[in-house]
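Asks: For reference, the sequence and a predicted model appear below.
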Amino acid sequence: MNYRFITIEGNIGAGKTTLAHMLAEHYHAKLILEEFADNPFLPKFYEKPQQYAFPLELFFMAERYKQLKDMLQTQDLFTDVVISDYLFVKSLLFAKINLSEDEYNLYQKLFEIINPQLVQPDLLIFLNAPVPQLQKNIKKRNRSYEQQIEDAYLQRVHNMYIQYLKQHSVRTLMIDTTKIDFLGEPAHFQQILKALETDYAPGIHRL
């Protein structure tokens, strides 16, 4: 496999962290995981989104930046494989959904200062999951503050990701999670590993 830095993305409950663990174990890779539990604003946001959206998104952006900066600086990306379960630009995508226009404009300025300082992934794996499947996974993992997430919100997140991928030439392997059960079917996980042996051009490639 020629990809040294792989990022996994997808909607809430799509299975990003699960696949990241599986790939990291297979490739003996360094693993970078989103640390949701450290964000004190997350439970508050789900209760009062307008009040807590801005500090929530600022905290996430600062933590993601620090984590990626620290961990990628210590890696030799020519010899070590790094797997992350988030793309830094997700900060901007969620901010677009959650913030008011004035807040988003300020947030975007901060993002544009920070983002060029980070190493970008060689490949993005995007887990494309329908809303009913997301809701099933959210209920199964049983984080109390997530249980009231509405279908409409998940659909907005999905639309934002797809719009971003269509507008930017990100080298993306899009996996249809209704057809690829990488956790439950070992043969499906092997399909993903085989797909990662392909050198993809920039753009969306489907599995």
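Replies: Everything's here; your move.

Asks: Return the distance of the closest residue to Phe189 other than its chain neighbours relative to Leu193.
Replies: Nearest in space to Phe189, with sequence neighbours left out and distances taken as C-beta to C-beta, 6 or more residues apart in numbering, is Phe182 at 4.5 Å. No exception for glycine: its C-beta is placed from N, CA and C like everyone else's. Phe182 is 10 Å from Leu193, where distance means C-beta to C-beta, to the nearest Å.

Asks: Could you list every helix and strand in contact with the helix-or-strand element of the chain with minimal mean pLDDT?
Replies: Taking mean pLDDT, DSSP states H and E as the measure, the chain has helix 42-47 as its least confident helix or strand, at a mean of 86. Helices and strands in packing contact with helix 42-47 are listed as helix 49-73; criterion 3 or more C-beta pairs under 8 Å, 6 or more residues apart in numbering; DSSP states H and E.

Asks: by contact count, what packs against the helix it packs on?
Replies: Using 3+ C-beta pairs under 8 Å, 6+ apart: helix 49-73 touches strand 30-32, helix 42-47, strand 82-84, helix 90-98, helix 101-114.

Asks: So what touches the third one?
Replies: By C-beta atoms under 8 Å, 6 or more residues apart in numbering, the surrounding residues in contact with strand 82-84 are 4-8, 20, 23-24, 27, 29-33, 68, 71-72, 75, 121.

Asks: try 7 Å
Replies: By C-beta atoms under 7 Å, 6 or more residues apart in numbering, the residues outside strand 82-84 that reach it are 4-7, 20, 23-24, 29-32, 72, 75.

Asks: and that strand, which strands flank it?
Replies: Strand partners for strand 82-84, identified by DSSP bridges, are recorded as strand 5-10 (parallel), strand 30-32 (parallel).
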